[in-house]
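> When you get a sec, could you give me coordinates for this:
(one chain, ligands or ions: 2)
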Amino acid sequence: MEDQAEKLREMVRRKNTSSSGGAAADAKVRDSLPEKNSRNQKEGKNTRIITVTSGKGGVGKTNLSVNMALAFARLGKKVVVMDADLGLANVNVMLNMIPKYNLYHVIKKQKTIREILVETEYGISIVAGASGFSQIANMNEEERQNFINELDTLSNADIIIIDTSAGVSSNVLDFIAAADDAVIITTPEPTAITDAYGIIKIIATEYDTLNMGLKLVVNRAKSVAEAKKVADRMINIAGQFLNLKVDYLGFIYDDSVVSQAVLQQKPFMVIDPKCKASVCVQHLVERMDKSKIKEAGGFGAMLKKFFGG
Ligand SMILES: Nc1ncnc2c1ncn2[C@@H]1O[C@H](COP(=O)(O)OP(=O)(O)OP(=O)(O)O)[C@@H](O)[C@H]1O
Ligand SMILES: [Mg+2]
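Residues are numbered from 1 along each chain as shown. Ligands and ions are numbered 1, 2, ... in the order given. This is a model prediction of the structure:
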């Protein structure tokens, strides 16, 4: 009997190494990384990068980013929320903060990223994006190198959540491509679903999605069944027409606490940790925490992919 059990264990061990492609893939990433950015791998720290994006605007990205960050922090993780929205300073507004500096100042070497990182009273830190991100495309070589080095200093974090703007600007796509997990959020509204499918399609055609976990969240659902129906439809279509695997991460109830929290400029997880929306986010994060990153690429790989180096 013992023999058989050992054989089984060996089989599982072999299956795990061959199916994940893990070691080989890791080595490939490591080898292709510029020396400067491989610090993260050397230290064995694996920063998980999660982008939150949507096709349509106003479907709940910033609320999800901020509250998911809080839920991760409650699991003992060190979390940074980065606001990559080009237009409005969403995350700041939601937390009632007016940071003096943003990534623009980092790019222009006026500040280090550590200097602009703002600790919040909720146990998470934020990096203000605002106008800074529109500058990324126009960086010269020196600014670019400096920016890479600066971003690398965030690799102490366990989780970096990037709140992107809606739709498909190239910045957004770069972030999605660089992430370990791309969370796509939609509501049950037909227009939101169509636009979410649109962004999934663009991700599928533009990028190698093999090492990225595409995860769907249905926000503002009236019932478990409604959310499931929306998710099933999207996942089936993505599988059938794009040959793309999208995981259903979960849903968030339509909950009046959310809009009250927005008005009070506090996360809904703080306003009412037991409300329907909070409980849902807690579940999403627990599920996310249990799911593994597809490839141990981590932060160095993100920088590499982000800058196409
Ligand atoms: N689960 C929910 N229940 C009730 N209302 C919600 C829920 N999620 C979001 N909302 C409402 O939708 C509004 C927009 O949410 P949020 O700002 O998070 O969206 P967004 O996708 O970040 O928007 P934008 O594209 O403008 O950045 C909130 O102010 C809130 O009123
Ligand atoms: Mg937003």
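> Please make it C-alpha for all contacts and neighbour counts, starting now.
Noted.
> Low-confidence bits of the stretch 151-300 of the chain, can you list those?
Flagging of the stretch 151-300 of the chain using pLDDT under 70 yields the residue ranges 168-175, 207-211, 294-300.
> Contact residues of it facing ligand 1?
Proximity of the stretch 151-300 of the chain to ligand 1 (C-alpha under 6 Å from any ligand atom) is limited to residues 165-166, 219-220, 252-256, 258-259, 262, 277.
> can we see that at 8 Å?
Contact residues, the stretch 151-300 of the chain versus ligand 1 (C-alpha under 8 Å from any ligand atom): 163-166, 219-221, 252-260, 262-263, 277.
> Can you flag the buried ones in those?
163-166, 219-221, 252-255, 257-258, 262, 277 (16 or more other C-alpha atoms under 10 Å).
> so which of those residues comes closest to T47?
Closest approach between these and T47, by C-alpha to C-alpha: D163, at 16.3 Å.
> helices or strands up against the helix or strand the closest one falls within?
Counting by DSSP states H and E, the element that carries D163 is strand 159-164. Packing partners of strand 159-164 (3 or more C-alpha pairs under 8 Å, 6 or more residues apart in numbering; DSSP states H and E): strand 48-53, helix 61-74, strand 79-84.
> angle of the longest one against strand 159-164?
In this structure, helix 61-74 runs at an angle of 170 degrees to strand 159-164, with axes from the mean of the first three to the mean of the last three C-alpha atoms, to 10 degrees as the basis.
> which ones are touching the residue nearest to E119 when sequence neighbours are not counted?
Using C-alpha to C-alpha, 6 or more residues apart in numbering and skipping residues adjacent in sequence, the residue nearest E119 is S125, 4.3 Å away. Residues in contact with S125 (C-alpha atoms under 8 Å, 6 or more residues apart in numbering) are V79, V80, V81, L117, V118, E119.
> beta partners of the residue nearest to the fourth one when sequence neighbours are not counted?
Pointing back at L117 there. Distances taken as C-alpha to C-alpha, 6+ apart put V127 closest to L117, at 5.1 Å, once the chain neighbours are dropped. Here V127 sits in beta bridges with M82, as judged by DSSP bridges.
> Can you check the pLDDT for V127?
We have a pLDDT of 90 for V127.
> my read: it touches D83, true?
Yes. If you go by C-alpha atoms under 8 Å, V127 and D83 touch, sitting 6.2 Å apart.
> Please give me every residue in contact with the most centrally placed residue in the chain.
Nearest to the mean C-alpha position of the chain, by C-alpha atoms, centre = their mean, lies I50 at 1.6 Å. I50 makes contacts with I159, I160, I161, I162, A179, D180, D181, A182, V183, as judged by C-alpha under 8 Å, 6+ apart.
> same deal with D195?
S54, G55, K56, G167.
> Hmm, T164 and D83 touching each other?
Yes. Using C-alpha under 8 Å, D83 makes contact with T164 at a distance of 6.7 Å.
> where do the helices sit along the stretch 101-250 of the chain?
103-107, 113-116, 141-152, 170-178, 190-206, 224-242 (DSSP state H, counting those that start in this stretch).
> Columns distance to S291 on top of those helices, output as JSON lines?
Converted to JSON lines, these look like this (distance: least, C-alpha to C-alpha, whole Å):
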{"stretch": "helix 103-107", "distance to S291": "31"}
{"stretch": "helix 113-116", "distance to S291": "29"}
{"stretch": "helix 141-152", "distance to S291": "24"}
{"stretch": "helix 170-178", "distance to S291": "18"}
{"stretch": "helix 190-206", "distance to S291": "20"}
{"stretch": "helix 224-242", "distance to S291": "18"}
